[in-house]
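Asker: after the sequence you'll find the predicted model.
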Amino acid sequence: MRISMSAFLGWFLIGSFTLVAHGQPRPANYPQGYFRDPLNIPISLSGNFGELRPGHYHMGLDIKTMAKQNLPVYAAADGYIARIKIEPAGFGRAIYINHPNGFTTLYAHLNDFFPGLESWVKAQQYKQEHWNVFLLLPPGLFPVKKGDLIAYSGTTGGSQAPHLHFEVRRTGDDVNLNPLLFGLPLEDRVRPSILRLAVYDRRKSTYEQSPRIYPVKRSAEGVYTLPGVITAASDKVSFAISAYDTHTGSSNLNGIYESSLYNNGVLVSGFQLREVSYNSTRYINANIDYKTRANGGSFFQHLSELPGYVNSIYFKPGGDGVIDLGDGAVHDVKITAADPYGNSSELNFRVQHTGANAAAPEPAGKVFYPLMVDVYEGSDCEFYIGETCLYDSVHIRESHINPSNPVVVSAVHTIGAAYIPLQDSFLVRIKPIKPLSPEKRQRVVMQRFAGRETDVEKVEWSTDWASAKFRDFGSFQLVVDETPPVIAPVGISDGANLSKAQRIAFTVSDNLDYFKNFRALLDGKWLRFTNDKGRTFIYQFDEMCLPGEHELQVSVEDEAGNTAVKTYRFTR
C-alpha cells in the first residue's frame, strides 16, 4: 500500500431522525404557529422539503413570489441575525436568524438586505477583500422582532426564477427540519399521487440490474392497484415507487413526505423526510434508484434501506425492506405515500416467486462493498474506495486507452460507471506515460469526464504518481495545462471615458472550464465585483470610484496555477 488508509477510517456522522426502540420515527413535537409566513402573500410552493433534486434533497420550502422580485421579506419570529452568506451559486444572498426557542430560520436567493445590514455586509466584504463571504454575527448586533423587514426577495445564486427559499433548522446541531411541521398557513387537502412501481432482484446489486417497472392504476380516491399477480424470478425482492405530492391550488409536482411498505398486513419498513442535515443530503442517492435516474428514467424511491446508507431516513420495524418470497406463496403488499397534513394514498398488489432462482453471469471487475476500505492496484492506475463511499456492493472495473490529445500525458483510465453513485470522494492515482520535467509537473491537473460533465483537480505528487480525489466515477486523465484563463472586458477598454457608465463587467473563460481567484484592484486597492451565478463579474459604480483618472488591474488564476492579468486606465 503506497498511501495511508487513515483518511478513510471512521463512520460518516450525519444528523438524521430520532428513532425509538422498535425502529419507527418518534412523533414530532414542533411549536405550532410560532413562525409566521416570511412574505405578506398567501403561501404557494414551487418546491417542498425533501423534494428530489440532482445529488441532494431540497432542504426547505421554495415559496412563490408571484413571478416578481423585491417583495419584502420578514423575520418569521423574534431573534437575531446570526449569519450572512453570499455565494455565486447555492443560496446566493442569504440571512440566518437564531430564535430563542432553539430554532434557526434561513431566507435565501435574496436581493438587497435592509439598509443597515446591507451597509454592514459591504464593509465586511471590503475588510476581508472577498465578495463571497460567510459572516458570523454577535447576538446584539442586529436583533429582530417577528414581522420586521429583513430583505427583499430575488433570484440570486442557484435560482432559476424569482422565489424565496425558506428553511427551519435546529440551532444546536444545524439539522434541517421540515417547515410544514410547524403549522405554517398552507392549505393542503390533496393526496399524494403514485405513478409507477419498480421491482428489484435483491440477490444482485441495485446497480447491476434494470428493475421491472409497472405503471399503476387508480381504482378509487387515494387507492392504486396492479392487476393479477407479479411473478418474481428471485426469492429476494424489494420495491420502489415513483410518486409526487402537491397542495391545494397548486400544479407543481413536489416530493412526498413519507412512504411505508407492508407485507401481508405487517409494517416492514419505510422512510420519512422529517429531518435531514446538509451533511447527509447527498444520501438521496441511496434513497433513489440512482442508475435508473442517471440513465434518463424517472425518480424511484426505494422502500428498502441500502446497506451503505448510514443513520438513514428509513424506519425498519420488520427488516430492511427486502421481502423473502422463498415460501412460494402469494404475498399481499401495500405501499403508502403520505404528506405532513395527513393526506395519504396506497398501492395494493400481489407478488409471488415462481421456479428456481435464475443464475446470473458474474459482472466484470472487482467487487467492492459498502462500509469497507478497499483498493485496486494496476501498473499505472490505482484507486482507493473508503468505507463511506458506496451504498451497495458493486463490481468496479478499470480500463484504459491511449490519449489522442498532446496535452494529455497519461492513459485515459475509465473507472466504474457514472450510474454508480458515491457518497464520499475516492482517491485516484495515475502515472504519466513518461517522466515529466519539474516545470511540467507543476502544471499537471487531473481531469474527470463523463458525458458532458467534467471536473478538474490539482494533483499531488508522490514519486511518479499523481493523485486527486473525486466524488464521481468516470474517465480520468492527466493534463498539462499551460494556458492561462482569458479575461474578456464588457463595456470597458484601456483609456476609456466611463463618466456616464453605470458599471464595469468582465467574463472569464478557461481551456478546462475551471478558474478561481478573480481579483480586482482599483488604484492598488481591492474593489468589490459581484459574481452571481458564476457568470459575469460586475462592479456597479459607487463611492469607491470617485471622479478622476483610475487604474484597474484584474487577475484570474486557474487550477493549474496559470494566471492572467489585465490592466485598464480609465476616466470617471
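Answerer: Perfect, thanks for sending it.
Asker: quick one: secondary structure of Ala123?
Answerer: helix (DSSP: H, G, I helix; E, B strand; the rest coil).
Asker: pull the contacting residues for Pro100.
Answerer: The contact partners of Pro100, taken as Cβ atoms under 8 Å, 6 or more residues apart in numbering, are 78-79. The way it works is simple: take the backbone N, C-alpha and C, and place the C-beta from them, glycine included.
Asker: name the SS class of it, please.
Answerer: Classification of Pro100 by three-state DSSP places it in coil.
Asker: distance of it relative to Asp78?
Answerer: According to Cβ to Cβ, to the nearest Å, Pro100 and Asp78 sit 7 Å apart.
Asker: one more: His163?
Answerer: Counting by Cβ to Cβ, the gap from His163 to Asp78 is 25 Å.
Asker: compare the two (neighbour count), which wins?
Answerer: Set His163 next to Asp78 and count neighbours by other Cβ atoms under 10 Å: His163 wins out with 26 against 16.
Asker: which non-adjacent residue is nearest that one?
Answerer: Asp62 (4.9 Å; Cβ to Cβ, 6 or more residues apart in numbering).
Asker: against Ile81, how distant is the one you found?
Answerer: Applying Cβ to Cβ to Asp62 and Ile81 gives a distance of 22 Å.
Asker: just checking, Ser467 touches Phe426?
Answerer: No - if you go by Cβ atoms under 8 Å, Ser467 and Phe426 don't touch, sitting 10.9 Å apart.
Asker: give me the common contacts of those two.
Answerer: Residues touching both Ser467 and Phe426 (Cβ under 8 Å, 6+ apart): none.
Asker: flag every buried residue along stretch 368-386.
Answerer: Applying a neighbour-count criterion of 16 or more other Cβ atoms under 10 Å, one finds 368, 370, 373-376, 381-386 buried in stretch 368-386.
Asker: residue contacts, the closest residue to Val266 other than its chain neighbours?
Answerer: Nearest residue to Val266, sequence neighbours excluded (Cβ to Cβ, 6+ apart): Gly318, at 5.7 Å. The contact partners of Gly318, taken as Cβ under 8 Å, 6+ apart, are 263, 266-269.
Asker: quick one: the helices in the stretch 201-350 of the chain?
Answerer: Shown for the stretch 201-350 of the chain, the helices assigned by DSSP state H, counting those that start in this stretch span residues 284-287, 290-294.
Asker: redo these as a markdown table? Include mean pLDDT and mean neighbour count.
Answerer: Compiled in a markdown table, the helices of the stretch 201-350 of the chain are given as follows (pLDDT from 0 to 100; neighbours: other Cβ atoms under 10 Å):
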| stretch | mean pLDDT | mean neighbour count |
| --- | --- | --- |
| helix 284-287 | 98 | 24 |
| helix 290-294 | 98 | 20 |
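Asker: let's have these in a markdown table, adding distance to Thr155.
Answerer: Listed next are those as a markdown table, based on distance: least, Cβ to Cβ, whole Å:
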| stretch | distance to Thr155 |
| --- | --- |
| helix 284-287 | 24 |
| helix 290-294 | 26 |
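Asker: of the ones you listed, which approaches Tyr57 most closely?
Answerer: Closest to Tyr57 of these, according to Cβ to Cβ: helix 284-287, at 5.0 Å.
Asker: quick one: residues in contact with the closest one.
Answerer: With contacts defined as Cβ under 8 Å, 6+ apart, helix 284-287 is touched by 52-53, 55-57, 271, 301-302, 305-306, 308-309, 312-313, 391-392, 421, 423.
Asker: same thing but 10 Å
Answerer: Under the contact criterion Cβ atoms under 10 Å, 6 or more residues apart in numbering, helix 284-287 has outside partners 50-58, 206, 240, 271, 273, 276, 280, 290, 293-294, 299-302, 305-310, 312-314, 370, 390-392, 420-423.
Asker: mind checking which of those residues are in strands?
Answerer: 52-53, 56-57, 240, 271, 276, 301-302, 314 (DSSP state E).
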